[in-house]
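> take this sequence and fold it.
(chains A and B)
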Amino acid sequence: MSRQRYWEMVEVGEGMPEYQLEVTPTLIADQVSGSQDYNLMHHDRAFAQSQGAPDMYLNTGFIEAMLCRLVTDWMGDSGTLKKLGIQMRRFNTFGDKLTIKGKVTHKEMNAGEHLVYCDVWVESDREGVTVPGKATISLPSNQLNH
Amino acid sequence: MFDLEAVSAQWLGFTTEKMTAKYPVEHEPIRRHCQMVGNTNPLYLEPGYVEKTPCPPTAIPIFALPGRLPPDPKPRTTVLDIGLPVMGQGFTNMSREQEYLKPVYVGDHLAMQMRIVKLYQKPTRLDPDSLWIVTEDLITNQDDELVCLVRNTLLNFRTDEEWSATGVTKP
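The predicted structure follows:
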């Protein structure tokens, strides 16, 4: 349970609290278990390299889950993540240290909804921004609660 | 020889039958989905809360794919399952957009249809004839309501092993 964020509180340009993850052997195992993605490129170094990747690399579902954590922690329990889009520009591979970040780019009311648009992304210590993305969030309004 | 024009004529717009997931939405996979990224929000983890909380949206596709459970060690992708002709045996996702249209709860039972919406070739460093496959997954609940729309761009390419087998040097 996290502190609730209301639409009126949000300022365009504000950042979301970032966090870090390191791609360790345990994280690779958790990735397979938590994403149910058993494709070998995500947990088998030799297979990943045979596919042209530098090493085994995190799958799309894992990256979406990282960004979901970023967004849902920021928005609070009554917010709703409505849309998440990502581009896989670089591999996030074994040993990488990742930082997950986000920033508000726009807010508007649309069809009675209080919407916030954000850039969200993953950076690695090896490659810089590896996965840029965009999220659309619906927040409650504190004007409706008073 | 891969013929994009012929493959497109046959496969663009192809939609699979609706495939119902083997298992309903359950707490345990939600917990593992959250814990893999250190998401400790008790609404997703603690019995008593999780049953009343919408499933984390990024976990929805896990509960819609009939092929994911039980574990299958073979590299797999739905486009291979349906028999779409491809360039090679290499695959990697390039982008994905998910739109969450209705909340999903523990106990819901999801189904999925996939359709092929775009096929094109554009060079990449992996293969000068890389095939880009754009699909949409329509995920519905037990009341046939659309709960999630997933648009995925999958890159298909020839692996180094495949290049070696042809005797042609990879450009």
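
> just the pLDDT at the residue of chain A found nearest chain B, thanks.
Going by C-beta to the nearest C-beta, chain B is nearest to residue A:34 of chain A, at 3.2 Å. For glycine as for every other residue, the C-beta is placed from the backbone atoms N, C-alpha and C. Listed pLDDT for residue A:34 reads 92.

> burial count for the closest residue to residue B:80 other than its chain neighbours?
Nearest residue to residue B:80, sequence neighbours excluded (C-beta to C-beta, 6 or more residues apart in numbering or on different chains): residue B:86, at 7.2 Å. Residue crowding around residue B:86 was assessed by other C-beta atoms under 10 Å in any protein chain shown; the count is 20.

> quick one, what contacts the residue of chain B found nearest chain A?
Shortest chain B-to-chain A distance, computed as C-beta to the nearest C-beta: residue-wise this is residue B:36, at 3.2 Å. Neighbour list for residue B:36: A:27, A:30, A:31, A:33, A:34, A:35, A:62, A:65 [criterion: C-beta atoms under 8 Å, 6 or more residues apart in numbering or on different chains].

> retrieve the pLDDT associated with it.
97.

> what's the helix or strand harbouring residue B:112 packed up against?
Using DSSP states H and E, residue B:112 maps to strand B:111-121. Under the contact criterion of 3 or more C-beta pairs under 8 Å, 6 or more residues apart in numbering or on different chains; DSSP states H and E, strand B:111-121 touches helix B:4-11, strand B:19-20, strand B:131-140.

> the last one: how far from the chain's middle?
The chain centre lies 7 Å from the centre of strand B:131-140; the measure is C-alpha atoms, centre = their mean, to the nearest Å.

> can you check the second one too?
For strand B:19-20, the distance between its averaged C-alpha position and the chain's averaged C-alpha position is 14 Å (C-alpha atoms, centre = their mean).

> distance of residue A:12 from residue A:118?
Look at residue A:12 and residue A:118: by C-beta to C-beta, to the nearest Å, they are 10 Å apart.

> ok, back up a step: my read is that the residue nearest to residue B:80 contacts residue B:2, right?
Yes. Between residue B:86 and residue B:2 there is a contact at 7.5 Å, judged by C-beta atoms under 8 Å.

> picking up where we left off before, can I get the contacts of residue B:36 in TSV with neighbour count?
Formatted as TSV, the contacts of residue B:36 follow (neighbours: other C-beta atoms under 10 Å in any protein chain shown):
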residue	neighbour count
A:27	18
A:30	18
A:31	25
A:33	15
A:34	24
A:35	28
A:62	26
A:65	27
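
> burial measure for residue 84, as a count.
All of this refers to chain A. 24.

> can you look at chain B instead?
With other C-beta under 10 Å as criterion, residue B:84 counts 19.

> ok, now which ones touch it?
B:7, B:11, B:14, B:116, B:133.
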